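Student: sequence first, predicted model second:
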Amino acid sequence: MFHQWNRQPINSDHGTISSLIFYHTAAFFLLIHSCQGQSQIISPTKPTVALVGDDVLLPCHLEPAVDVGALTLEWARFDLNPRFVYLRRDDAELLINQHPSYIGRTSVSTDKLKHGDISLKLSKVKISDRGKYRCYVPDVGTSMVELIVGAVSFPVLIIAEIDKADSRVVLQCESKGWYPEPELLWLDAEGKILSAGPTETVRGPDDLYTVSSRVTVEKRHSNNITCRVQQSNINQTRTTEIYILDEVFMASSCSALRIIMVLIPSVGFSLFSALFCVLRKLKENKINKKMQQDIEAEVGIGEQDLDEGKLCEKLQEKKNEKTGLLHAVSLLMELKKELEESKNTEISHVTKVQGEISLKLEDNVSKCKKCDAKLSLRELEIKKAYHQKYLKNIEEQLVTIHAKVEKITNIKKKVDNQIEQINEQVDTTKMCVLF
């Protein structure tokens with residue numbers, strides 16, 4: 001009996017100890033589970049916006065930060081089949097069941113996974129990438145990220161019509177490759193909206209929009225007119241400005257019109273321009289094409305071909321022709337000077353943008369105090385391409401102007417010879433009164 005009584009307390013103590021061990025062990029695991037449960041996926045408050053061709057980061061992270069490298073990670077779009085955009089398990093990417101359109105374009109940073117950042121990098125964004133994405137970590141949580149995709153392009157602005165009688169010019173602006181659908185506005189030099197015709201909108205098979213519009217500008221308006229295309233959902237604006245010389249309003253026809261567009265894009269760079277129209281017309285100090293052909297065909301003026309009255313008329317005609325030629329050369333030389341200044345400006349722009357691109361590639365924008373840090377590498381490349389395009393345009397205009405000046409100068413020499421021949425006869429007759 002004593003033996004049995006003596007063992008009872010021992011069994012009781014052993015059970016108590018076992019219960020305590022079990023209790024503390026369970027509490028320990030509950031505590032661990034509770035701590036792990038404190039981390040949750042944080043959802044972004046605003047949609048993510050990207051332009052076609054850009055790389056974009058879809059945000060998703062845990063707070064407090066924990067290492068999720070060994071966990072299962074899923075990025076998916078439920079409007080796709082298969083739905084997986086990116087899948088990761090056991091610290092390795094899984095390509096099985098990934099949607100074909102995302103193959104080779106999605107990734108996460110393995111270094112950032114250690115700090116709870118599972119943001120998805122999506123490369124070379126397409127219009128079809130727009131939509132809602134689910135970021136999911138089993139037993140942790142879910143987050144939804146909306147991606148808005150946009151596409152933009154610079155407007156092309158041309159002179160469509162010239163109405164000399166009413167001193168009016170009709171301008172046309174067109175911009176292709178926008179998404180979502182943009183709006184088009186015309187502005188004067190003070191930024192006031194001009195009344196214009198309805199905007200025509202066409203949606204292509206690629207879902208991109210083309211918008212176009214016309215506006216009639218009178219001489220009383222400022223000569224600086226801007227076409228602005230904008231899209232508020234993606235916060236993008238592109239503008240093109242044109243400067244119209246007064247001579248254009250007076251032109252009835254313009255067979256040698258040259259336009260170099262003034263681009264002032266919203267990304268912060270500008271191109272300078274010149275717009276000129278040299279009419280080969282003698283009347284109103286312009287050169288008429290027919291007159292030029294006549295001059296080139298004439299070799300000389302014989303005394304036998306003219307009577308005394310016609311001699312004076314011919315002399316007056318040739319002097320008027322010479323005045324028109326000199327005026328044309330003056331206009332061309334003035335334009336040449338403006339274009340050379342613009343050329344130097346464009347060269348400096350190209351050099352500056354190339355420097356920004358180099359710094360961007362080195363990922364060291366902070367070293368360039370004058371760099372526009374808001375611009376992506378793709379926007380900088382577009383910026384450079386536009387400067388190069390209009391630099392080339394300017395150089396082509398300079399070549400054309402040089403050829404025209406040389407040609408008109410040769411014509412003027414022939415006219416000088418003809419005037420000299422007539423003057424010899426005028427000196428003999430002394431009968432002409434010129435006005």
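Tutor: Sure, I can see it.
Student: any idea how this structure splits into domains?
Tutor: With domains defined by automatic domain parsing, the chain comprises 40-150, 151-252, 276-435.
Student: in TSV: those domains, plus mean neighbour count.
Tutor: For the C-beta atoms, the positions are set from N, CA and C on the backbone; glycine is no exception. Written out in TSV, the entries for the domains of the chain read as follows (neighbours: other CB atoms under 10 Å):
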stretch	mean neighbour count
domain 40-150	16
domain 151-252	17
domain 276-435	15
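Student: dump these into JSON lines; add mean pLDDT as well.
Tutor: JSON lines is the format used below for these (pLDDT from 0 to 100):
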{"stretch": "domain 40-150", "mean pLDDT": "93"}
{"stretch": "domain 151-252", "mean pLDDT": "86"}
{"stretch": "domain 276-435", "mean pLDDT": "69"}
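Student: who's in contact with residue 55?
Tutor: Residues in contact with residue 55 (CB atoms under 8 Å, 6 or more residues apart in numbering) are 121-125.
Student: same thing but 10 Å
Tutor: Under the criterion of CB atoms under 10 Å, 6 or more residues apart in numbering, the contact list for residue 55 reads 105, 121-125, 376-378.
Student: which of the residues you listed sits closest to residue 99?
Tutor: Distances from the contacts of residue 55 to residue 99 were compared by CB to CB; the smallest belongs to residue 105, at 10.2 Å.
Student: what's the span of stretch 99-107, first residue to last?
Tutor: The first residue of stretch 99-107 is 14 Å away from its last residue (CA to CA, to the nearest Å).
Student: also stretch 82-92?
Tutor: 19 Å.
Student: can you name the residues in contact with that stretch?
Tutor: Stretch 82-92 has contacts (CB under 10 Å, 6+ apart) with 58, 68-77, 93-102, 105-108, 110, 113, 118, 120-122, 129, 131, 133-135, 137-138.
Student: assumed residue 387 was part of a helix.
Tutor: Yes: secondary structure assignment places residue 387 in a helix (DSSP: H, G, I helix; E, B strand; the rest coil).
Student: on that earlier part again, now intersect the contacts of residue 55 with the strands, please.
Tutor: Applying DSSP state E to these, the entries found in strands are 121-122.
Student: sheet partners, orientation included, of the helix or strand encompassing residue 239?
Tutor: For residue 239, the host element (DSSP states H and E) is strand 236-243. Pairing partners of strand 236-243, with direction, according to DSSP bridges: strand 224-231 (antiparallel), strand 262-263 (antiparallel).
Student: which of those sits closest to residue 154?
Tutor: When those are compared by CB to CB, strand 262-263 sits nearest residue 154, at 6.2 Å.
Student: residue 145 and residue 129, how far apart?
Tutor: Distance check for residue 145 against residue 129: by CB to CB, to the nearest Å, it reads 12 Å.
Student: okay, and the common contacts of those two?
Tutor: Between them, residue 145 and residue 129 have residue 58 as joint contacts when contacts are counted by CB under 10 Å, 6+ apart.
Student: can you name the residues bridging to residue 231?
Tutor: Taking DSSP bridges, one obtains residue 236 as the residues bridged to residue 231.
Student: residues contacting it?
Tutor: Counting by CB under 10 Å, 6+ apart, residue 231 makes contact with 150-152, 178-183, 209, 237-238.
Student: helices of the stretch 201-350 of the chain, residue ranges please.
Tutor: Across the stretch 201-350 of the chain, reading from the start of the chain, the helices by DSSP state H, counting those that start in this stretch fall at 246-249, 289-297, 308-361.
Student: and the stretch 1-150 of the chain, by the same measure?
Tutor: According to DSSP H, counting those that start in this stretch, the helices that the stretch 1-150 of the chain contains are 2-37, 110-113.
Student: among the ones you listed, show the one with the smallest mean pLDDT.
Tutor: The stretch with the lowest mean pLDDT among the helices of the stretch 1-150 of the chain is helix 2-37, at a mean of 44.
Student: quick check: beta-bridge partners of residue 57?
Tutor: When residue 57 is checked against DSSP bridges, its beta-bridge partners turn out to be residue 121.
Student: I'd say it and residue 133 touch.
Tutor: No: with contacts counted by CB atoms under 10 Å, residue 57 stays clear of residue 133, the gap being 11.7 Å.
Student: tell me, what's touching these two both at once?
Tutor: Common neighbours of residue 57 and residue 133, using CB under 10 Å, 6+ apart, are 48, 120, 122, 145.
Student: quick one on the thing from earlier: turn the helices of the stretch 201-350 of the chain into JSON lines, columns for distance to residue 410.
Tutor: Rendered in JSON lines, the data for the helices of the stretch 201-350 of the chain read as follows (distance: least, CB to CB, whole Å):
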{"stretch": "helix 246-249", "distance to residue 410": "24"}
{"stretch": "helix 289-297", "distance to residue 410": "9"}
{"stretch": "helix 308-361", "distance to residue 410": "10"}
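Student: of all these, which one is nearest residue 385?
Tutor: Where these are weighed against each other on CB to CB, the nearest is helix 308-361, at 9.4 Å.
Student: now for the closest one, which elements pack on it?
Tutor: For helix 308-361, the packing partners by 3 or more CB pairs under 10 Å, 6 or more residues apart in numbering; DSSP states H and E come out as strand 275-277, helix 289-297, helix 377-429.
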